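In: Quick one: sequence plus predicted model below, questions after.
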Amino acid sequence: MNTDQFKALLAEKGIQLSQKQMEQYEKYYQMLVEWNEKMNLTAITEKPDVYLKHFYDSVSAAFYFDFNKPLNLCDVGAGAGFPSIPIKIAFPEIKVTIVDSLNKRITFLEQLSKELGLEGTTFIHDRAETFGQNPAHREQYEVVMARAVARMSVLSELCLPLVKVGGTFIAMKGNQAGEELQVGEKAIAVLGGKLQSAHSFTLPVEESERNILIINKQKTTPKKYPRKPGTPNKTPIE
């Protein structure tokens, strides 16, 4: 996907990008490739692939959820900033907090945000399990997102404790979403969530399947969750 296709296909979805925003994506791409030579940020480095599989794929959450309002969003395990930074560029009014367990990635994100001139971004080095027990962040976010972090039962324990009651957890998944959702149903319910909608679509050009699961937080998460680091993955709620 070249940059013109990126802009045109998002415009078809009602997302209009200015020249400044296109320049921010270009700068993002350049920094991603430059820093990737020093640290492992992504295996995807060809420009058309980055625009398709990282930028377009990240922004695709906005096809099914309205980001056109001031929102306090937390991105769990964002790695090189996906999906929240591409969404932040397209929707500058949202506030973004990224938590990631690798400090070198946080260093990259801080520099990236500075270079792109993004406002309302916070980057925190922590494990999602301990972050979710921190009163300053627990149940404080209108939206919590994650993309390609863990299977649904595990991901729910890492993300749902951070969502305000009445807020939304958005999980961005590949072609295993249906199976993961079935296994993860118990965890979603235990943690206070309920599936609102599941959306499936095909990524342009390469035509691989993508799924976006939207979960409402209906009640407070029990205090014992998330459990100590490593436990959600070792003994998931299934």
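Out: Everything's here; your move.
In: Quick check: end-to-end length of stretch 124-133?
Out: Length of stretch 124-133, first residue to last, C-alpha to C-alpha, to the nearest Å: 14 Å.
In: and it, which residues are buried?
Out: The neighbour-count check on stretch 124-133 (16 or more other C-beta atoms under 10 Å) flags Asp126, Arg127, Ala128, Glu129, Phe131, Gly132, Gln133 as buried. In this view, the C-beta of every residue, glycine as well, is placed from N, C-alpha and C.
In: Show me the residues you listed that map onto helices.
Out: Of the buried residues of stretch 124-133, the ones assigned to helices by DSSP state H are Ala128, Glu129, Phe131.
In: packing partners for the lengthiest helix in the chain?
Out: The longest helix of the chain (DSSP H) is helix 19-36. Packed against helix 19-36 by the contact rule (3 or more C-beta pairs under 8 Å, 6 or more residues apart in numbering; DSSP states H and E) you find helix 3-12, helix 84-90, helix 103-116.
In: Ok, which of the ones you listed comes nearest Thr97?
Out: If you check each of the helices and strands packed on helix 19-36 against Thr97 by C-beta to C-beta, helix 84-90 wins as the nearest, at 8.5 Å.
In: other SSEs contacting that closest one?
Out: When contacts are defined as 3+ C-beta pairs under 8 Å, 6+ apart, helix 84-90 sits against helix 19-36, helix 57-59, strand 72-76, strand 95-100, helix 103-116.
In: and Cys159, which of those is closest to it?
Out: Nearest to Cys159, of those and by C-beta to C-beta, is strand 72-76 at 5.3 Å.
In: tally of neighbours for the closest residue to Phe55 other than its chain neighbours?
Out: Leaving aside its sequence neighbours, Phe55 sits nearest to Pro86 (C-beta to C-beta, 6 or more residues apart in numbering; 4.8 Å). The number of residues packed near Pro86 is 23, by other C-beta atoms under 10 Å.
In: follow-up on the earlier one: I'd like the helices and strands packed on helix 19-36 written out as JSON lines, with distance to Ser18 and mean pLDDT added.
Out: Below are those laid out as JSON lines (distance: least, C-beta to C-beta, whole Å; pLDDT from 0 to 100):
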{"stretch": "helix 3-12", "distance to Ser18": "10", "mean pLDDT": "98"}
{"stretch": "helix 84-90", "distance to Ser18": "10", "mean pLDDT": "98"}
{"stretch": "helix 103-116", "distance to Ser18": "14", "mean pLDDT": "96"}
